[in-house]
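Visitor: Give me coordinates for this.
(chains A and B)
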Amino acid sequence: MARLNTPEELEKFRQEIVSKRDPNRSCISICAGAGCLASGSSEVMGAFKAEIKKQGLTTDVDTKGTGCPGFCERGPVVVIYPEEICYLQVTPEDVSEIISQTIKEKKVVDRLLYVEPTTGEKATHESDIPFYKHQERNLICNNIKIDSKSIDDYLAINGYSALAKVLSRMTSEEVVEEIKKSNLRGRGGGGFQTGRKWEGSRNAPEKIKYVIVNADEGDPGAFMDRALLEGNPHSILEGLIIGGYAIGSHEGYIYVRQEYPLAVENITLAVKQAEAYGFLGENILGSGFDFFVKVHRGAGAFVCGESSALMTALEGRVGEPRPKYIHSNIKGLWNKPSVLNNVETWANVPLIINKGADWFSQIGTKGSKGTKIFSLVGKIINTGLVEVHMGITLRDIIYKIGGGIPGGKKFKAVQTGGPSGGCIPTELLDLKVDFDELTKAGSMMGSGGMIVMDEDTCMVDVARYFIHFLTDESCGKCLPCREGLRQMDKILTNITKGKGKVGDIELLEELAETAIEASLCALGKSAPNPFLSTIHYFRDEYEAHIKDKRCPALFCKDLIAYYIDPDKCQACMICLKKCPVEAIDGGKKKIHIIDQEKCTNCGICFEVCPSRFNAVKKISGEPVPPPIPEEERIIIKKSKEK
Amino acid sequence: MSEIRLQIDGKEVTAKEGMTILEAAQSAGISIPTLCHHEKLEPFGGCRICIVEIEVRGWTKLVVSCVYLVEENLVVRTRSEKIDRIRKTLVELLLAHAPDSPQLQALALEYGADKDRFEKDASFCIHCGLCVRYCAEVKKKNAVGFVDRGIRKEIVFIPEIAAKECNRCKECFSLCPTSYLQAAFVLTEALAFPRASSQARCPG
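Guide: Numbers count the residues shown, from 1 in each chain, chains lettered A, B, ... in the order given. Next comes the predicted model:
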């Protein structure tokens, strides 16, 4: 491929690509994102290719491995073009039927369609599925339109046109102004105004400046950056090059975590392709602007998602945040002005340039513009990635898009913003999701993790889990984070084990204050949030653990006991046989009793007891009723009575 | 370098541009407690004991004085109820590791810290990094370094360098607030490069 030397050459080349493509030609696109790969999409792809060959359709049908469409719960996701028929949970066994029915006969295979659980209605197209219908997909929508390894596919959907526009028709100042006007705020956690960050760097006197992609996504349960990097790497690269042009930088870095091998592979390939086409290198599209990009693989420290720690790691040193009180857009990487933005922020840039700041800023709320991708996980029916406009309510995300809580359980809380976010309770389900509202509720936007919790979730244990995670990920440089979180972790663990003491809550509050006020970086400053938000909304649960040694959610192992209700036990022997520690005494027609001394609270008896008997009970904070006398354990008498 | 005027604890102080609040305070005879600070070393900002309250353009915030640079008309308070409370907690957190450290005991007395507030943990090192940074920045030897991360982080002598450099230097020994450094050195020495005399005494 020869370099494209002018915007005109790019347009001509784009037309060539588009003209060669027949919009009516059949194309089978299969999600090749990490989620669907895990559920077997590469086998499905292999089966499609083999079947196409077998049926002699090689010249008539294309296959495409696309990025993640978001509906990971029902993967592997397959979409058949041009009809846009969406099949879910496709297995290699379904392939020959799809080829012979849908491709050859143009018939829909009903059994692979989405079925609405409440009405039983089937949805043929993606856009008919409620999970997608209520989203506003500006960024992630392109994931399924393109082969994530093909730059031509990206060009076919107008890729790099924003770069061409910027280089040929806009001054760097105009680009910064456009981003400022859009009110785009950083998608990585802080929510800082992107345009202002760029302006600071642009105005800095130094000649050498850097632009950096923060792709060190490390929040448990978050995978939106991963999906973008894997699915549409060129959109991020295009944003980065535009950012470089805007601030006067000629060197960019993509800091991507090593644990995302496919993301590393796809973005590295994208950089090579962009170099070959002339979107990177010297004199890009004849503009005189030079820009080079390096991909740096992160070594797996959560703290390196923090901007100054990331830059320290890029410099080749231990990834610890630096203590200086100066913004990195003024003195960042190697002490040069450096604009660091999150993957999703960069991906928004070409959109804003192409569609305009006015278009962008009409989406969303007063303080938060545009759309945001959330990874919706936990106790939710439709796990996956959802892109919604800022200002949508939590209720809409969880019920309309997420489909509600599985198993008929009650919603209890949603944790937003990653490990250092907070838990938002039922009373606030109508909260409009944006940067400021989430902060007001004691949580944060963070990078967009959303973990849904049901009534069986113990909120003290949730706080313990996240504080433990952060203790583990603390870099250890500053005392309030390293030692303070360690003590918080210990105290919270004790509370969940029934060893909580009066005064623990106050001590936790004091440690939280110290961490917030005195920690060096944002990790420590925000780390107490999981505790603070749960103590605010669920104080009664803490008190029950500490004072009554009771876990209201019946979750904390050390505070619960299993007990077989003698009036309900049918002596079916199931639990008795399944108990791994032989703690259940009984026999045929002899009511079972759990030996509390031997019981390890594993809960297997509770799970296996047939629901029609429902004899095994989980109790907390009350003594286990004494076993019934031996002579009353014979079951014949009971059945006769019935 | 231009002169900068600021106010620390109500006192007008003149400082040079580029000075930290801590340096400005020290030059004016105002004391701010420190643990990880050393005048020969780059600001580290690890122990956070030197935290102070500042007022800039109507905003009040807490910053660590060993890193924050002086600004014209800056108003600094080195003590307040909140600062004292935070320092007390910080000292208590460290006393769990090194209850006998004289420096920590003095701070405990000043801020009313209870050495038994947190469960003891016999790891002694308080991660001030003085030894590591002194060896790297002043001696340029890097004979001692940090390994691992977070609560598992510890100081370790690098035997190959320590064997050659440490016995004739040991300048870091006196910097250590808890004497843990000496213990770490003696252990490394015994394991990696025992002295001839100790080898001779060792039977077998």
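Visitor: residues in contact with the residue in chain B positioned nearest to chain A?
Guide: Residue nearest to chain A within chain B: B:Gly45 (2.8 Å; CB to the nearest CB). Any C-beta I mention is one placed from the backbone N, CA and C, and that applies to glycine too. Applying CB atoms under 8 Å, 6 or more residues apart in numbering or on different chains to B:Gly45 gives the contacts A:323, A:477-478, A:520, B:36, B:64, B:66-67.
Visitor: what's the spacing between it and A:Leu479?
Guide: 10 Å (CB to CB, to the nearest Å).
Visitor: if we can go back for a sec, can you report how many residues neighbour the closest residue to the residue of chain B closest to chain A other than its chain neighbours?
Guide: Leaving aside its sequence neighbours, B:Gly45 sits nearest to A:Pro323 (CB to CB, 6 or more residues apart in numbering or on different chains; 2.8 Å). By other CB atoms under 10 Å in any protein chain shown, 20 other residues sit near A:Pro323.
Visitor: Assess the claim that A:Pro323 and B:Phe44 are in contact.
Guide: Yes. Look at A:Pro323 against B:Phe44 with CB atoms under 8 Å: they come within range, at 6.8 Å.
Visitor: So the residue nearest the centre of chain B, which state does it fall into?
Guide: Closest to where the C-alpha atoms of chain B average out (CA atoms, centre = their mean) is B:Cys36, at 1.3 Å. Judged by DSSP: H, G, I helix; E, B strand; the rest coil, the three-state class of B:Cys36 is coil.
Visitor: who touches it in this structure?
Guide: Counting by CB under 8 Å, 6+ apart, B:Cys36 touches B:44-47, B:49, B:66, B:128-130.
Visitor: got the residue ranges for the strands in the stretch 51-200 of chain A?
Guide: Assigned strands in the stretch 51-200 of chain A, in chain order: A:61-66, A:78-81, A:85-87, A:114-115, A:122-123 (criterion: DSSP state E, counting those that start in this stretch).
Visitor: Compare those and report which one is nearest to chain B.
Guide: Nearest to chain B, of all the strands of the stretch 51-200 of chain A, is strand A:61-66, at 36.8 Å by CB to the nearest CB.
Visitor: What values do phi and psi take at the residue nearest to A:Tyr255 when sequence neighbours are not counted?
Guide: Distances taken as CB to CB, 6+ apart put A:His296 closest to A:Tyr255, at 5.0 Å, once the chain neighbours are dropped. With angles defined as degrees, to the nearest 10, A:His296 sits at phi -120, psi 130.
Visitor: since we're on A:His296, how many residues are nearby?
Guide: When neighbours are defined as other CB under 10 Å, A:His296 has 19 of them.
Visitor: now it: how far from chain B?
Guide: 19 Å (CB to the nearest CB, to the nearest Å).
Visitor: And that residue, what's its pLDDT?
Guide: What the model reports for A:His296 is a pLDDT of 97.
Visitor: so it makes contact with A:Val256?
Guide: Yes. Using CB under 8 Å, A:His296 is in contact with A:Val256, at 7.3 Å.
Visitor: how close does A:Phe48 sit to A:Thr63?
Guide: Separation of A:Phe48 from A:Thr63 (CB to CB) stands at 5 Å.
Visitor: Among those two, which residue is more densely surrounded?
Guide: More crowded of A:Phe48 and A:Thr63, by other CB under 10 Å: A:Phe48, with 23 against 16.
Visitor: follow-up on the earlier one: how much space between the residue nearest to the centre of chain B and B:Ile49?
Guide: Plainly put, B:Cys36 is 8 Å away from B:Ile49 if you go by CB to CB.
Visitor: And A:Lys122, by the same measure?
Guide: 66 Å.
Visitor: Also A:Glu51?
Guide: Taking CB to CB, one finds A:Glu51 at 69 Å from B:Ile49.
Visitor: Compare these two and say which is more crowded by neighbours.
Guide: More neighbours surround B:Ile49 than the other of A:Glu51 and B:Ile49, with 25 against 20 (other CB under 10 Å).
Visitor: thinking the more buried one is in contact with B:Pro33, fair?
Guide: Yes. B:Ile49 lies in contact with B:Pro33 (CB under 8 Å); the separation is 5.1 Å.
Visitor: overlap in contacts of these two?
Guide: Overlap of the contact sets of B:Ile49 and B:Pro33 (by CB under 8 Å, 6+ apart) consists of B:87, B:107.
Visitor: Show me where chain B dips below the pLDDT cut-off.
Guide: Residue ranges of chain B with pLDDT under 70: B:1, B:196-204.
Visitor: Where is the longest helix in chain B?
Guide: Looking across chain B with DSSP state H, the single longest helix is helix B:81-95.
Visitor: Show the pLDDT at A:Glu597.
Guide: With respect to pLDDT, A:Glu597 scores 94.
Visitor: Around chain B, which positions in chain A sit nearby?
Guide: Selection of chain A residues close to chain B by CB under 8 Å from any CB of the partner chain yields A:301, A:318, A:323-325, A:471-480, A:482-484, A:486-487, A:490, A:507, A:510-511, A:513-514, A:517-520.
Visitor: at 7 Å what do you get?
Guide: Listed as neighbours of chain B in chain A under the rule CB under 7 Å from any CB of the partner chain: A:301, A:323-325, A:471-480, A:482-484, A:486-487, A:510-511, A:514, A:517-518, A:520.
Visitor: Just the buried subset of these, please.
Guide: Taking 16 or more other CB atoms under 10 Å in any protein chain shown as the criterion, what is buried in these is A:301, A:323, A:471, A:473-480, A:482-484, A:486-487, A:510-511, A:514, A:517-518, A:520.
Visitor: Tell me which of the residues you listed fall in helices.
Guide: Judged by DSSP H, these include A:471, A:473, A:479-480, A:482-484, A:486-487, A:510-511, A:514, A:517-518 as members of helices.
Visitor: can you list contacts of stretch A:198-206?
Guide: A:172, A:176, A:179-180, A:209, A:243, A:246-248, A:327, A:329-330, A:336-339 (CB atoms under 7 Å, 6 or more residues apart in numbering or on different chains).
Visitor: Determine how far it lies from the middle of the whole chain.
Guide: Centre-to-centre, stretch A:198-206 and its host chain are 32 Å apart (CA atoms, centre = their mean, to the nearest Å).
Visitor: before we move on, what about stretch A:476-484?
Guide: 28 Å.
Visitor: what does stretch A:399-415 give?
Guide: Put simply, stretch A:399-415 sits 17 Å off its chain's centre (CA atoms, centre = their mean).
Visitor: Quick one: mean pLDDT over it.
Guide: According to the model, stretch A:399-415 has a mean pLDDT of 95.
Visitor: buried ones in that stretch?
Guide: So stretch A:399-415, judged by 16+ other CB under 10 Å, has buried residues A:399-405, A:411-415.
Visitor: Over to stretch A:73-92?
Guide: Those would be A:73-81, A:85-90, A:92, for stretch A:73-92 by 16+ other CB under 10 Å.
Visitor: quick check: mean pLDDT across it?
Guide: Here the average pLDDT along stretch A:73-92 is 93.
Visitor: measure that stretch end to end?
Guide: Start and end residues of stretch A:73-92 are separated by 18 Å (CA to CA, to the nearest Å).
Visitor: Just give me how far that stretch sits from the chain centre.
Guide: 21 Å.
Visitor: Stretch A:559-569 now?
Guide: Computed by CA atoms, centre = their mean, the chain-centroid distance of stretch A:559-569 equals 39 Å.
Visitor: contact partners of that stretch?
Guide: Contacts of stretch A:559-569 (CB under 7 Å, 6+ apart): A:498, A:545, A:549-551, A:554, A:591-594, A:596, A:599, A:601, A:603, A:605-606, A:613-620, A:624-625, A:628.
Visitor: picking up where we left off before, mark which of the contacts of B:Cys36 are part of helices, please.
Guide: In helices, judged by DSSP H, the following of the contacts of B:Cys36 are found: B:Leu130.
Visitor: circling back to that earlier point, give me the buried subset of the contacts of stretch A:559-569.
Guide: Among those, the ones that count as buried by 16+ other CB under 10 Å are A:498, A:545, A:549-551, A:554, A:591-594, A:599, A:601, A:605-606, A:613, A:615-618, A:620.
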